[in-house]
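show me the folded form of this:
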Amino acid sequence: MIPLNHIKHILISRTDNVGDLILTLPITGILKKNFPDVKITFLARDYVRDVVKHCIHTDGFLSWDVLSAMKKSDAIAEIKSHGFDVVIHTFPKKEIARLMKKAHVPYRIGTSRRGYHWLNCNEKVNFSRIKSSLHEGQLNLQLLKPFNIDVNKNDFPYLNAQMGFQIKEPLSSNIKSFLKPDRFNLIIHPFTNGHTREWPVSHFIALIQQLPCDRVNVIVTGSPKESDVILNSIMPHCPNITSAAGKCSLSELLQLINAADGLVANATGPLHVAAALGIRALGLYPITKGIDPKRWQPVGKKAEYLTADPNCNAPSCCGKNDCFCMKSITVDQVKNVVMRWIA
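Purely as a prediction, here's the structure:
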C-alpha cells in the first residue's frame, strides 16, 4: 500500500487513442477527490494533448512522442526532472515500464498480468482485461487499489461525474461555418481508422437521405485520410450535407462536438468525446466480446447505443453467432433514435 501522505505528483500513462483516454479520465477526478492537493500529469501521445487540456483535474502533459525519440539517458533524466511520486500504467507498455523504474519513480502501479510489470512495477494489481466482464472505465479504477480507494463504487453515472471534461473556449470561425442555428446539428462520424468494425457506408448514406434536411444539418467528420472516402463515397449521394472531414484540428473537432446537438458514430473516439461532453450520442457496436458495449459503451448522461444482431443472415456472418458485417443494425433503428432526439 502506498503511504499517501508523501504523494504530491502522479503520472498516468495512457499512450493509445482518444476514446481510451476519455475512459481513463474518471481516475483523475477520483484521485483529486481523495487527494485535493496532488498534481496529476498525463503521459500520452501529442495528438491527444487537447483532450488532456480540457480535463479540469489534470495539471500537466508529458509527450510520449518526444520522450520516445530521446536517447534513453535523456528520457530518464526528463522523467526524473518532474519529480513523479507515482506512475499508473493504465495502458501497459514495456518500454515505459522500464523507463519509470530506471528513473526511480518510487511507486509504479501496473497489472500483475504483464510479465514485465513483475520486473518493473512494485505495486501490482491482479486483474485481467481480457477475461473481465467490467467496462474499460471500471477496469481503469482497479489500478487505484494501492491508494486504498474503494473501486467498487463504479457505476456509469459516477464515472461520468468524475471525468471533469469541459470545453469553454469560444468557437473558431471555422467551426461556426459548419453549424446552422435554426436546425438540429447532427455529426455523423462514419469511420474508425480501422480500430473496430464499422457500420456500412451504404447504411450511413441511407440514413442521411432519410433525415429531413429542413430540420437536420448533417455534418460528416473524419480524419484527413478518411476525407477522400467521404468526398467520393458519401458526398455525391448526399448533396445537402457538410463535410468537416480533414478540415478540423483535434482542438476544433472537440469544439464542434461540444457545439453540436447530437452525434452518431461507430465505437470510436468522437463518440466517447460526445458522451463525456453530455450531448446526445449514439454508438453502433458489434457484439463480439472485447469490442462490445459491455467493455466500451459510451459513458454520458445522454449516451446510448445499438448493437448488431447475433442472428444476422449475411453470408459473412451466418453460423458465427455474430454480425461481422454490422448490417443487422438497420437504418430505421438509427433513424428512429435521431428522430426522437429532434422531436
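
what about Val125, distance to Ser112?
6 Å (Cβ to Cβ, to the nearest Å). Every C-beta, even on glycine, is put in place using the N, C-alpha and C of the backbone.

which of these two has more neighbours?
Each of Val125 and Ser112 has its neighbours counted (other Cβ atoms under 10 Å); Val125 has more, 19 against 14.

now do the contacts for the more buried one.
Neighbour list for Val125: Ile109, Gly110, Thr111, Ser112, Gln142, Leu143, Lys145, Pro146 [criterion: Cβ atoms under 8 Å, 6 or more residues apart in numbering].

so which of those is the closest to Trp199?
Gln142 (31.5 Å; Cβ to Cβ).

right, and the closest one touches Val151 too?
Yes: contact criterion Cβ atoms under 8 Å: Gln142 and Val151 qualify, at 5.7 Å.

now tell me what touches the helix or strand bottoming out on mean pLDDT in the chain from outside.
Confidence across the helices and strands of the chain bottoms out at helix 224-229, with a mean of 92, counting by mean pLDDT, DSSP states H and E. Helix 224-229 is contacted by residues Pro190, Phe191, Asn193, Val201, Gly222, Ser243, Ala245, Gly246, Lys247 when judged by Cβ under 8 Å, 6+ apart.

out of these, which are inside strands?
If you go by DSSP state E, the contacts of helix 224-229 have Ser243 in strands.

kindly supply the PyMOL command isolating those of the contacts of helix 224-229 that are buried.
A single PyMOL command suffices to select whichever of these are buried according to 16 or more other Cβ atoms under 10 Å:
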select buried, resi 190+191+222+243+245+247
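
as a markdown table, the contacts of Val125 with secondary structure and distance to Val273 would be great.
Output for the contacts of Val125, formatted as a markdown table (DSSP: H, G, I helix; E, B strand; the rest coil; distance: Cβ to Cβ, whole Å):
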| residue | secondary structure | distance to Val273 |
| --- | --- | --- |
| Ile109 | strand | 26 |
| Gly110 | strand | 27 |
| Thr111 | strand | 26 |
| Ser112 | coil | 32 |
| Gln142 | helix | 24 |
| Leu143 | coil | 23 |
| Lys145 | helix | 28 |
| Pro146 | helix | 30 |
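
now, of the residues you listed, which are buried?
Here, 16+ other Cβ under 10 Å leaves Ile109, Gly110, Thr111, Gln142, Leu143, Lys145, Pro146 buried among the contacts of Val125.

ok, what's across the strand from the second one?
Spelled out, that is Gly110. Beta bridges link Gly110 to Lys124, judged by DSSP bridges.

give me the pLDDT for it.
pLDDT, Gly110: 97.

these two touch, right, it and His89?
Yes: judged on Cβ under 8 Å, Gly110 makes contact with His89 at a distance of 4.0 Å.

okay, helices next: where are they in the stretch 151-300 of the chain?
156-161, 173-176, 201-210, 224-229, 250-259, 269-277, 293-296 (DSSP state H, counting those that start in this stretch).

so which of these is the most packed in?
A comparison of these by mean neighbour count, using mean count of other Cβ atoms under 10 Å, puts helix 269-277 on top with a mean of 28.

run the chain-centre distance for that one.
7 Å (Cα atoms, centre = their mean, to the nearest Å).

quick check: angle from it to helix 250-259?
Per axes from the mean of the first three to the mean of the last three Cα atoms, to 10 degrees, the angle that helix 269-277 makes with helix 250-259 is 50 degrees.

got a list of contacts for helix 269-277?
By Cβ under 8 Å, 6+ apart, helix 269-277 touches 17-19, 22-23, 25, 51, 160, 163, 165-167, 187, 189, 221, 253-254, 257-258, 260, 262-263, 265, 280-281, 283, 298-300, 302-303.

quick one: low-confidence residue ranges for the stretch 151-300 of the chain.
For the stretch 151-300 of the chain, no stretch has pLDDT under 70.

the contacts of Val125 into a markdown table, with extra columns for distance to Pro36?
Shown next, in a markdown table, are the contacts of Val125 (distance: Cβ to Cβ, whole Å):
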| residue | distance to Pro36 |
| --- | --- |
| Ile109 | 20 |
| Gly110 | 25 |
| Thr111 | 27 |
| Ser112 | 30 |
| Gln142 | 23 |
| Leu143 | 20 |
| Lys145 | 20 |
| Pro146 | 19 |
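
wait, which of the residues you listed is closest to Val334?
For the contacts of Val125, the minimum distance to Val334 (Cβ to Cβ) is 33.8 Å, reached by Gln142.
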